[in-house]
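Novice: could you look at this predicted model? Sequence included:
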Amino acid sequence: MIDEKLKELSIQLPTPPNPAGSYIPVVITGNLAFVSGQIPMKDGKVIFEGKVPEKQSLDSARDAAKICILNGLAQLKLNLGSLDKITKFVRISGFVNSNPDFIEQPKIINAASDLLVEIFGDMAKHSRIAVGVASLPLNSTVEIDMIVEISN
Amino acid sequence: MIDEKLKELSIQLPTPPNPAGSYIPVVITGNLAFVSGQIPMKDGKVIFEGKVPEKQSLDSARDAAKICILNGLAQLKLNLGSLDKITKFVRISGFVNSNPDFIEQPKIINAASDLLVEIFGDMAKHSRIAVGVASLPLNSTVEIDMIVEISN
Amino acid sequence: MIDEKLKELSIQLPTPPNPAGSYIPVVITGNLAFVSGQIPMKDGKVIFEGKVPEKQSLDSARDAAKICILNGLAQLKLNLGSLDKITKFVRISGFVNSNPDFIEQPKIINAASDLLVEIFGDMAKHSRIAVGVASLPLNSTVEIDMIVEISN
């Protein structure tokens, strides 16, 4: 069903990127799946680099956040077999590579949150943290990790 | 019972603030409740803004941390109906808006930790992370999120 | 069995450091153990201080990350009685005290991830986040927290 919704929205899930280190993309414990921090990687390259607003505008950082979410969903699909197994989005943590005076992190992570609700409907409404950080792996503009509840 | 303790301590829980984005304040999965990152918001306004120590002293940042906790408890009360349903405080994450040379984040987040123990007693002793971040949503001085265990 | 593996690797777990604030090192809920953020403390002192690369090289920060992990394992051993009770490493979060232009956090946190796999084998493969932060408690170079699954 989620696959159909993705088609309807003309969203194609990317190839899930390889982890940028010695870890795995998804760990399941009980009925929770922990998704590793996802960065705006596409075809093996980080496509949104640098801080907001110095190198990326609010709008381009929002695009970066959407790619992080799609990468996370791609990881979940690979691991779970189907996105229909997700029963709840429990927690989204959004880290924005920020100049020290940038304070609009929520607007950036909203792009991620809104995309989840667009795809999964109201059941995608999640708890969230959003912070601005000094720097991110591979100079990524955004990093987002997720904890989701799944049916067994 | 917790309501009586709050009265005894002359603590009035605030009106739980609306999320600063497209998310919800509390998500429950199994017997865990995930509370979104809370900022020092009162009556719709962030009342502690800027970095420590540039704009806020250690003491005022401690006050900000207490407001974050009270906002989190207000969110939990609204969601659970009663704070007596909380059986354990599992994890507190404290993000302090810090100048790069400020290293006393623990003293600030201690104000939050101590307040929880004052209200709930020893069962409130939790695991914790505390870090200094480059910036926070709406220029908040502190952001705190919680994971609590609840009885069903 | 893990004790034997540690001996084989000539790794001696440190005395678990006292928390740097009003919290406890480990909280268990269901079959998850949440370990508080661990810093590179040894014999009561932070032994890797300052930012990467300004004060610490990539290599010394990797050493700091290993100490964080060993401190975390020491906390778990004290709490659980035996490290053999760990059935899965669910989530590792690594915060690197970073100059704003430092982007190799994954290489630093890899030292922590690799050490876990060296000790526990493939079952130690975990989900992970790694970010660069403006500052850390007591000027620590790295802070790492863990969520592990345990058998009851």
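Specialist: Right, received. Where do you want to start? Computed from a prediction, not measured in an experiment: that's the story for all the values here.
Novice: can you list the residues that contact stretch A:116-130?
Specialist: For stretch A:116-130, the surrounding residues in contact (C-beta atoms under 8 Å, 6 or more residues apart in numbering or on different chains) are A:2, A:5-6, A:9, A:11, A:69, A:73, A:86-94, A:96, A:105-106, A:108-109, A:113, B:19-27, B:34-37, B:93, B:95, B:137, B:143, B:145. For every residue, glycine as well, the C-beta is placed using N, CA and C.
Novice: and chain C, which of the residues you listed reach it?
Specialist: A:Ser93 (C-beta under 8 Å from any C-beta of the partner chain).
Novice: show me the contacts of stretch A:116-130 that map onto helices.
Specialist: When DSSP state H defines the helices, the subset of those inside them is A:Ile2, A:Lys5, A:Leu6, A:Ile69, A:Leu73, A:Gln105, A:Pro106, A:Ile108, A:Ile109, A:Ser113.
Novice: quick one: buried ones out of the residues you listed?
Specialist: Buried members of the ones in helices among the contacts of stretch A:116-130, counted by 16 or more other C-beta atoms under 10 Å in any protein chain shown: A:Ile2, A:Leu6, A:Ile69, A:Leu73, A:Gln105, A:Pro106, A:Ile108, A:Ile109, A:Ser113.
Novice: format the residues you listed as CSV; extra columns: distance to B:Ala61.
Specialist: Output for these, formatted as CSV (distance: C-beta to C-beta, whole Å):
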residue, distance to B:Ala61
A:Ile2, 43
A:Leu6, 44
A:Ile69, 32
A:Leu73, 37
A:Gln105, 19
A:Pro106, 21
A:Ile108, 25
A:Ile109, 23
A:Ser113, 28
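Novice: where does A:Asp59 fall, secondary structure wise?
Specialist: Per DSSP states H and E, A:Asp59 falls inside helix A:58-80.
Novice: state the mean pLDDT of that helix.
Specialist: Helix A:58-80 shows a mean pLDDT of 98 in the predicted model.
Novice: circling back: select only the buried ones of the contacts of stretch A:116-130 in PyMOL?
Specialist: In PyMOL, a selection of the buried entries from the contacts of stretch A:116-130 looks like this (16+ other C-beta under 10 Å):
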select buried, (chain A and resi 2+6+69+73+86+88+89+90+91+92+93+94+96+105+106+108+109+113) or (chain B and resi 19+20+21+22+23+24+25+26+27+34+35+36+37+93+95+137+143+145)
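Novice: separation between A:Pro17 and A:Gly37?
Specialist: Distance, A:Pro17 to A:Gly37, by C-beta to C-beta, to the nearest Å: 11 Å.
Novice: how far does the top strand by length along chain A sit from the chain's center?
Specialist: Taking DSSP state E as the criterion, chain A has its longest strand at strand A:86-97. Taking the mean of its C-alpha atoms, strand A:86-97 sits 7 Å from the chain's own mean (C-alpha atoms, centre = their mean, to the nearest Å).
Novice: that one vs strand C:86-97, what angle?
Specialist: Following axes from the mean of the first three to the mean of the last three C-alpha atoms, to 10 degrees, one obtains 20 degrees for the angle between strand A:86-97 and strand C:86-97.
Novice: would you mind naming what in chain A lies close to chain B?
Specialist: Applying C-beta under 8 Å from any C-beta, we find that chain A lies next to chain B at A:30-32, A:88-92, A:98-107, A:109-110, A:113-114, A:117, A:125-134, A:147, A:149.
Novice: contacts only, for the residue sitting furthest away from the middle of chain A.
Specialist: Distance from the C-alpha centroid of chain A, by C-alpha atoms, centre = their mean, peaks at A:Asp101 (23.8 Å). Applying C-beta under 8 Å, 6+ apart, we find A:Asp101 in contact with B:Ser135.
Novice: what do you get for A:Ile47?
Specialist: A:Ile47 neighbours (C-beta under 8 Å, 6+ apart): A:Pro40, A:Met41, A:Ala64, A:Ile67.
Novice: that older thread, just checking, what packs against the helix holding A:Asp59?
Specialist: strand A:26-29, strand A:32-38, strand A:41-42, strand A:86-97, helix A:105-120, strand A:142-150 (3 or more C-beta pairs under 8 Å, 6 or more residues apart in numbering or on different chains; DSSP states H and E).
Novice: want to throw these into CSV with distance to B:Asp59 and mean pLDDT?
Specialist: Conversion of these to CSV gives the following (distance: least, C-beta to C-beta, whole Å; pLDDT from 0 to 100):
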stretch, distance to B:Asp59, mean pLDDT
strand A:26-29, 40, 98
strand A:32-38, 34, 98
strand A:41-42, 43, 96
strand A:86-97, 28, 98
helix A:105-120, 26, 97
strand A:142-150, 32, 98
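Novice: looking at those, which is nearest to A:Lys51?
Specialist: Proximity to A:Lys51 (C-beta to C-beta) singles out strand A:86-97 among the helices and strands packed on helix A:58-80, at 4.8 Å.
Novice: that closest one: partners in the sheet, and parallel or antiparallel?
Specialist: strand A:127-133 (parallel), strand A:142-150 (antiparallel) (DSSP bridges).
Novice: next, the angle from that strand to strand B:32-38.
Specialist: In terms of direction (the same axes, to 10 degrees), strand A:86-97 departs from strand B:32-38 by 30 degrees.
Novice: run the angle between strand A:86-97 and helix A:105-120 for me.
Specialist: Interaxial angle of strand A:86-97 relative to helix A:105-120 (the same axes, to 10 degrees): 150 degrees.
Novice: distance of the nearest residue to A:Asp145 once chain neighbours are set aside from B:Leu70?
Specialist: Nearest residue to A:Asp145 in three dimensions, chain neighbours excluded: A:Gly37, at 4.4 Å (C-beta to C-beta, 6 or more residues apart in numbering or on different chains). Going from A:Gly37 to B:Leu70 by C-beta to C-beta gives 30 Å.
Novice: and the gap between the most centrally placed residue in chain A and B:Ser93?
Specialist: Closest residue to the average C-alpha location of chain A: A:Ile69 at 2.6 Å, with C-alpha atoms, centre = their mean. Using C-beta to C-beta, one gets 21 Å for the distance from A:Ile69 to B:Ser93.
Novice: try A:Asn31
Specialist: Distance of A:Asn31 to B:Ser93, given as C-beta to C-beta: 22 Å.
Novice: which non-adjacent residue is nearest A:Ala20?
Specialist: Distance criterion C-beta to C-beta, 6+ apart; nearest residue to A:Ala20, sequence neighbours excluded, is C:Pro106 at 4.6 Å.
Novice: ok, that neighbour touching A:Pro137?
Specialist: Yes. The pair C:Pro106 and A:Pro137 passes the contact test of C-beta atoms under 8 Å, sitting 4.8 Å apart.
Novice: next, show the common contact partners of the two.
Specialist: Residues touching both C:Pro106 and A:Pro137 (C-beta under 8 Å, 6+ apart): A:Ala20, A:Gly21, C:Ala130.
Novice: nearest to chain B, of these?
Specialist: Of all those, chain B sits closest to C:Ala130, with 12.6 Å by C-beta to the nearest C-beta.
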